[in-house]
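Mind looking at a prediction? Sequence and model below.
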Amino acid sequence: MPGAQWFPGARCSFAEHVFRGKRDEDVAIRHASELRSLDSWTWGRLRAETAGFVAGLRASGVGEGDRVVAYMPNIPRRWPHSWPARRSARSGPRPPPSSAPAV
């Protein structure tokens, strides 16, 4: 549909939606593998790990409108890195290109 605009000005944060109403002490993820025994992460740990990753993205100059891509294994450590890109987009305006880190 040429020229169509869907929800102009709308904002969505997947991370905020996922964490809404979750108590820090409740289990968020149970995991095991051939190399690791059964373990779990609480919502509090997942929230803290996600916040740390968001802080790193912001410190690197990632802001609204930027795209973040990662190739990661399917292990619990990836979950805090899966949601923040959408969350960090709410951090404010994008820095000018001259301040972006070299890749």
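Looks like it arrived, so ask away. Residues are numbered from 1 along each chain as shown.

Could you pick out the longest helix of this structure?
Here the longest helix in the chain is taken by residue count, with DSSP state H as the criterion, and it is helix 43-59.

Buried residues, stretch 23-31. List them.
Buried residues in stretch 23-31, defined by neighbour count with 16 or more other CB atoms under 10 Å: residue 28. The way it works is simple: take the backbone N, C-alpha and C, and place the C-beta from them, glycine included.

for the longest helix of the chain, which positions count as buried?
Within helix 43-59, the residues that qualify as buried by neighbour count (16+ other CB under 10 Å) are 43, 45-47, 49-50, 53-54, 57.

would you turn the residues you listed into TSV with pLDDT?
What follows is these, written out as TSV (pLDDT from 0 to 100):
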residue	pLDDT
43	94
45	92
46	90
47	90
49	88
50	87
53	85
54	85
57	86
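
Check those and tell me the two furthest apart.
Based on CB to CB, the longest span within the buried residues of helix 43-59 runs between 43 and 57 and measures 20.8 Å.

Which elements pack onto the longest helix of the chain?
Using 3 or more CB pairs under 8 Å, 6 or more residues apart in numbering; DSSP states H and E, the elements in contact with helix 43-59 are helix 14-19, strand 27-31, helix 79-82, helix 84-88.
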